[in-house]
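J.: sharing a sequence plus its predicted fold:
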Amino acid sequence: MNFLEERIVKDGGVKEGNVLKVDRFLNHQMDIELFNEMGKEFYKRFEGKKINKILTIEASGIGIACIVAQYFHVPVVFAKKAKSINIEGESYVADVESFTHKVKNQVIVSKKVLSPEDRVLIIDDFLANGCALLGLISIIQSAGASVEGIGIAIEKGFQPGGTVIRNLGYQLESLAIVESMDEKTGEIVFREQ
Ligand code: 5GP
């Protein structure tokens with residue numbers, strides 16, 4: 001098991017509805033030493049790519065993205081959940097269905113912070129069905145920028161997002177891939193990588 005898998009087993013919890021709770025170290029209380037290890041690992045996996053920007057989505061991707069950015073020495077942009085104001089024209093917009101809250105949000109990125117010369121690394125905390133990533137990819141495409149890679153902390157391998165994204169040809173690197181989890185016993189099994 002790697003450092004993140006060990007931490008998930010130690011401090012994570014399995015909730016009904018295929019939800020993995022990691023709020024003691026990842027998306028509520030945040031363990032910055034752990035984020036640092038993640039940053040180092042992503043830097044290794046995407047070495048050689050000419051990344052000049054990191055894109056994530058509010059809220060729980062932001063903390064991880066900021067620490068990862070210190071390794072790449074690039075700025076972080078986070079897609080904001082829009083409040084249906086008249087933003088088209090000055091922003092790129094995508095529809096994203098939230099896995100945990102089951103609501104559809106529009107997410108937006110201002111045209112001022114994403115442009116055709118950007119070579120983007122996407123970072124997020126979880127990959128489940130892939131809606132969040134597809135939304136971010138569509139925003140990058142609208143800007144005429146390129147996706148250099150995608151770094152995910154925890155992929156739930158029993159949900160379709162990973163396959164969808166890899167089939168589109170992107171370099172997707174997930175630090176932990178959960179193959180199965182059992183809400184009754186709390187058992188979590190990881191994919192060998
Ligand atoms: P997707 O769009 O891939 O279905 O879901 C990705 C988003 O849903 C992530 O940004 C994350 O915030 C949330 N998410 C998905 N699955 C889980 C989970 O098992 N636990 C937690 N805490 N968040 C999740």
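T.: The structure has been received and is ready for your questions. In this text, all values refer to a predicted model and were calculated from it rather than measured experimentally.

J.: which residues are in contact with the spatially closest residue to E117 that is not a sequence neighbour?
T.: Of all residues not flanking E117 in the chain, A145 sits nearest, at 7.4 Å (CB to CB, 6 or more residues apart in numbering). Quick note: C-beta positions are derived from backbone N, CA and C, even for glycine. Counting by CB atoms under 8 Å, 6 or more residues apart in numbering, A145 touches 53, 114-120.

J.: the strands in the chain, which residues?
T.: Using DSSP state E, the strands of the chain run over residues 13-15, 19-21, 53-57, 76-81, 91-97, 104-110, 119-127, 146-156, 172-181, 188-190.

J.: tell me the most buried of those?
T.: Most buried of the strands of the chain, by mean neighbour count (mean count of other CB atoms under 10 Å): strand 53-57, with a mean of 25.

J.: tell me what that strand is packed against?
T.: helix 61-72, strand 76-81, strand 119-127, helix 131-143 (3 or more CB pairs under 8 Å, 6 or more residues apart in numbering; DSSP states H and E).

J.: any chance of CSV for the ones you listed, columns distance to the ligand and mean pLDDT?
T.: Output for the helices and strands packed on strand 53-57, formatted as CSV (distance: least, CB to the nearest ligand atom, whole Å; pLDDT from 0 to 100):
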stretch, distance to the ligand, mean pLDDT
helix 61-72, 6, 98
strand 76-81, 11, 96
strand 119-127, 4, 98
helix 131-143, 4, 98
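
J.: and E47, which of those is closest to it?
T.: Of all those, it is helix 61-72 that lies closest to E47, at 10.1 Å by CB to CB.

J.: can you list contacts of that closest one?
T.: Outside helix 61-72, the residues touching it (CB under 8 Å, 6+ apart) are 26-27, 30, 32, 35-36, 38-40, 42-43, 46, 51, 54-56, 75-76, 78, 121, 123-125, 151, 153.

J.: so that helix versus strand 53-57, what angle?
T.: Angle, helix 61-72 to strand 53-57, by axes from the mean of the first three to the mean of the last three CA atoms, to 10 degrees: 170 degrees.

J.: send the alpha carbons of helix 61-72 over as PDB?
T.: What follows is helix 61-72, C-alpha atoms only, in PDB (Å, rounded to 0.1, in the frame of the first residue of the first chain):
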ATOM      1  CA  GLY A  61     -10.000  20.300  -5.000                       C
ATOM      2  CA  ILE A  62      -8.600  23.700  -4.100                       C
ATOM      3  CA  GLY A  63      -6.400  22.700  -1.100                       C
ATOM      4  CA  ILE A  64      -4.700  19.800  -2.900                       C
ATOM      5  CA  ALA A  65      -4.300  21.900  -6.100                       C
ATOM      6  CA  CYS A  66      -2.500  24.700  -4.200                       C
ATOM      7  CA  ILE A  67       0.000  22.300  -2.600                       C
ATOM      8  CA  VAL A  68       0.600  20.500  -6.000                       C
ATOM      9  CA  ALA A  69       1.200  23.900  -7.600                       C
ATOM     10  CA  GLN A  70       4.200  24.500  -5.300                       C
ATOM     11  CA  TYR A  71       6.000  21.700  -7.100                       C
ATOM     12  CA  PHE A  72       5.100  22.900 -10.600                       C
END
